[in-house]
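Participant: okay, predicted coordinates and the sequence, questions at the end:
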Amino acid sequence: MSEFNERLILPDIAGLHTIEVYEQHNGYQALRKALAMKPEEVTDEVKKSNLRGRGGACFPTGLKWTFMPKQSAKPKYLCANGDESEPGTFKDRQIFEQNPHLFIEGAVIAAYAMGIETVYVYIRGEYAKWVKMLQKAVDDAYAKNYIGKNVLGSPFSVNLYLYKGAGAYICGEESALMNSLEGNRGYPRVKPPFPAQNGLWGCPTTINNIETIANVPVILNRGWEWFSKIGAPKQPGTLLYGISGHVNKPGVYELPTGVLLSDLIHRYAGGVPGNKKIKAVIPGGSSTMWLRGEELDGVRMDADSLKAAGSSIGTAGVIVMDEDTDVLKVLARITHFYHHESCGQCTPCREGCGWMEKILNRFVAGDGTMADVDLLLDVANNVEGNTICALGDAAAWPIQSFIRKFRDEFEKRARTTPRSPSYIPPPHLVTTGA
Amino acid sequence: MFTKENLDKLEVLKKQYPTMKSLTLPALWMAQEQFGWISPDTMKYVGELLELPVSHIYGVVTFYTMFNTRPVGTHHLQVCTNVSCQLRGAERLAGHICDRLHIKMGETTPDKRYTVTEVECLGSCGTAPMMQVGDEYYENLTLDRVDALLSKELK
């Protein structure tokens, strides 16, 4: 793979977050170019670039856009998903902070391509500071007529509104996000019908991740052919890799797709503190399957390579754990998260996540038995695939992969004598209030 | 009662969404910013304002973790203990804060200055461990840094 070291989404330019500096660096030229094209030509360009969604599912973006009806009696909507709540993921925040106009430009182009007049940007409530930053950028873009009535003198008009969530992981799931935006609890919806037919208020809707949308102006400026040759062929472009946990230089690194996982950890993130060995890596946010430290050789950060390694790219949020980590405790913490965030609609997820957490806490306290491991796997298998949305799967996958790959951890910790009949499971370490 | 400023803001928002129901979250945010927390009376008020049943408002308030259904202290310390922060010592940090303030997780100090809660991932994994106080993120925390914060900026 040729060395590509240009940063497309987060270039190193001082003051790029201001509209003046953004304009000086070719800003909003892609929008001008798009407005001179037919909407379907814009969609075609994105389709040919082979851009894939950056929110975790890797769905081809151009194809998703073609699902929207061309003619519609009802209004059409675009939702930008900035809920960013998968543990280990902190990339969209960098876009809001460093290059908000790239996202805004992409959103306006996407709206033009699909004939959409209203864009909603859903941002997690905790990002209040970044909502304000983006609002400033949106106001500036309105003032210069990049958004609003008759954008840059064209017949195309579009409005863009920011919507602040209020703390719910599930609202990153697209149908839950729409329910939240409609003013409801964030309950995922049964699919079909899919959002392109029946989305916000029953109208055709497309939901794209913030980073996905930020790639659109780049594709229009540089052409689909150029873009499609960057990184892994099936999933071209750059990714904002978030790397956290036991590394010397955690943070967000923009690199081509398909970078070696070991390069990401050692070359870019500065390796593990104290030169310790790696015990485990979660490659794409907390819901992706675990990898053992010994099996990282040759694994690349793209959908195919990670699939072959038994995991997935997810949101490219890499979590590294060194050899001294109590990995069982980490798994218990992750499972506590899914239990806490289950919306409660589906019984397997609502009850199953709680049971999985209880079993894992039992192990952490030294009270687990090997029979509990079979029970844990049984519960996980009965959660996976039996729920409306993927949260159930997200809770089951780390556990299933952990049992497959770290069975020795359970064996080390399991008690050898049976529990007393009056056994009471230990409570969770800290509890939430307010 | 909302301030005139908030009522005006609500009028602007009404034009941005096809239904009044969509204003549930924005209105609750306004309420929390104005009153500090969302009481049953506030829920009733927001319901009347948006012409929605109070049961709907109650359902929404209790679904989202950021809405406080109890009063919180002047400084609401929200400590992330999720995986990336956990790996970088969040548990010790959370314990240290509770010890220093002589309260348990989820409690408020008797002088109503501090509330400490454990929260899920705040999207700050590269600068772990961290906590949020108000709109502000405090990142790359150490025990010393927390001590300094509690005796100065967040006094």
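Facilitator: Nice, thanks for sending it over.

Participant: pick out the residue closest to the middle of chain B.
Facilitator: Nearest to the geometric centre of chain B sits residue B:66, at 4.6 Å (Cα atoms, centre = their mean).

Participant: go ahead and confirm that residue touches residue A:171.
Facilitator: No: Residue B:66 lies out of contact with residue A:171 (Cβ atoms under 8 Å); the separation is 11.3 Å. Backbone N, C-alpha and C define where each C-beta goes, glycine included.

Participant: could I get the full set of helices for the stretch 1-150 of chain A?
Facilitator: A:19-24, A:29-35, A:39-49, A:61-66, A:92-98, A:100-114, A:128-143 (DSSP state H, counting those that start in this stretch).

Participant: deepest of those, which one?
Facilitator: helix A:100-114 (a mean of 27; mean count of other Cβ atoms under 10 Å in any protein chain shown).

Participant: where's residue A:159, which helix or strand?
Facilitator: strand A:159-164 (DSSP states H and E).

Participant: got the contact list for the helix or strand following that strand?
Facilitator: Downstream of strand A:159-164, the next assigned helix or strand under DSSP H and E is helix A:174-181. Helix A:174-181 is contacted by residues A:79, A:81, A:83, A:120, A:122, A:163, A:165, A:168, A:170-171, A:185-189, A:191, A:195, A:199-200, A:205, A:207, A:343, A:389, B:22, B:25 when judged by Cβ atoms under 8 Å, 6 or more residues apart in numbering or on different chains.

Participant: mind listing what the residue nearest to the centre of chain B touches?
Facilitator: Residue B:66 neighbours (Cβ under 8 Å, 6+ apart): A:125, A:126, A:166, A:167, B:32.

Participant: 10 Å instead, please
Facilitator: A:124-126, A:128, A:164-168, A:434, B:25, B:28-29, B:32, B:78, B:119, B:132 (Cβ atoms under 10 Å, 6 or more residues apart in numbering or on different chains).

Participant: with residue A:81 instead?
Facilitator: Neighbours of residue A:81 in contact, by Cβ under 10 Å, 6+ apart: A:53-55, A:92, A:120-124, A:171-174, A:177, A:207-213.

Participant: secondary structure class for the residue nearest to the centre of chain B?
Facilitator: coil (DSSP: H, G, I helix; E, B strand; the rest coil).

Participant: so where's the stretch 301-434 of chain A shaky on pLDDT?
Facilitator: The model of the stretch 301-434 of chain A has pLDDT under 70 over residues A:425-434.

Participant: mind running it again at 90?
Facilitator: Of all residues in the stretch 301-434 of chain A, those with pLDDT under 90 make up the ranges A:415-434.

Participant: just want the phi and psi numbers for the closest residue to chain A within chain B.
Facilitator: For chain B, the residue closest to chain A is residue B:106, as judged by Cβ to the nearest Cβ, at 2.1 Å. Residue B:106 adopts backbone torsions of phi 90, psi -10, taken as degrees, to the nearest 10.

Participant: how many residues are close by it?
Facilitator: 16 (other Cβ atoms under 10 Å in any protein chain shown).

Participant: again with residue A:367
Facilitator: Quick note: residue A:367 (other Cβ under 10 Å) scores 17 neighbours.

Participant: where's it, which helix or strand?
Facilitator: Per DSSP H and E, there is no helix or strand for residue A:367.

Participant: likewise for residue A:320?
Facilitator: Using DSSP H and E, residue A:320 falls in strand A:317-322.

Participant: give me the buried positions along that strand.
Facilitator: Buried residues in strand A:317-322, defined by neighbour count with 16 or more other Cβ atoms under 10 Å in any protein chain shown: A:317, A:318, A:319, A:320, A:321, A:322.

Participant: cool, and stretch A:218-235?
Facilitator: A:218, A:219, A:220, A:224, A:227, A:228, A:230, A:231, A:232, A:235.

Participant: list phi and psi for residue B:114.
Facilitator: phi -130, psi 140.

Participant: skipping its backbone neighbours, what lies nearest it in space?
Facilitator: Leaving aside its chain neighbours, residue B:114 sits nearest to residue B:73 (4.5 Å; criterion: Cβ to Cβ, 6 or more residues apart in numbering or on different chains).

Participant: contacting residues for that neighbour?
Facilitator: A:434, B:36, B:101, B:103, B:107-109, B:111-116.

Participant: noted, bye for now.
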